[in-house]
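Undergrad: Model the following, please.
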Amino acid sequence: MKVIVILLLFLTSVSCETQCENKYDEFYAALNEVLRVNYKGRVIISNLLKTESKDYFEKYIDDKGDTNIIRLQIPEFTVSYGESFFLDIYRRGIIDSNDVVYMHSQIDTLKKIKLEQKMVKNMLVDAKVLFNVIDNFHGDEAMAMEKQYNTSGYVMVSKPVFSKDMNTILFDINYYCGNLCGHGITYILKKKRNKWTIIGSETKWIR
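TA: Modelled structure (predicted):
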């Protein structure tokens, strides 16, 4: 009996590891598609953005009895997908109802990983290395990227969130192209005919 239990635990562990590997293979495929379409030739920071599962807003009732929402500042190099975000994309027909809870609860269990150069078509650079380069150019991002890497900007990527059937994925791209240039966008992709396709995007910030 003990041998059977150990064998089952081993098989479960192998299955989980295989599923995780498959998940990140799919993430790289989806990421490369977004990079190909919108960020060709840009440098990518290998460290992933911190990803949280809370809503950054507060509700209050005004003198007229109306409910209002105040958007709160999200910490730098952090992205967050609150439950309201998943409810919104469900109402828009992007995900199924059972994925609202599944995708939201998945965020806090995401592994801390770094992107691997062999899996990404763009050049990867460690965050500390790139920020040191920018410091050497007195904080001038555009000049640093042009002189050091012969490109116009760099990209930071968040951890991926998958639907239960693994056919929908979302992640954020933060793009920095100068001290007054850049944006943060959530990309949503679906897998169709074994290929990831961008089906929607939501701009989070512009500078």
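
Undergrad: Might you report the residue contacts of the nearest residue to Gln73 once chain neighbours are set aside?
TA: In space, Gln73 comes closest to Tyr56 once its chain neighbours are excluded; the distance is 7.4 Å by C-beta to C-beta, 6 or more residues apart in numbering. Just so you know, the C-beta spots here come from the backbone N, C-alpha and C atoms, and that holds for glycine as well. Residues in contact with Tyr56, defined by C-beta atoms under 8 Å, 6 or more residues apart in numbering, are Arg71, Leu72, Gln73, Ile74, Ser80, Gly82.

Undergrad: Per-residue confidence, the second one, what does it come out as?
TA: It stands for Leu72. What the model reports as pLDDT for Leu72 is 69.

Undergrad: State the distance from the closest residue to Ser97 other than its chain neighbours to Asn150.
TA: Leaving aside its sequence neighbours, Ser97 sits nearest to Tyr90 (C-beta to C-beta, 6+ apart; 6.0 Å). Distance, Tyr90 to Asn150, using C-beta to C-beta, to the nearest Å: 43 Å.

Undergrad: what's the answer for Pro160, then?
TA: From Pro160 to Asn150 the distance is 29 Å (C-beta to C-beta).

Undergrad: the more surrounded of the two?
TA: Pro160 (22 against 10; other C-beta atoms under 10 Å).
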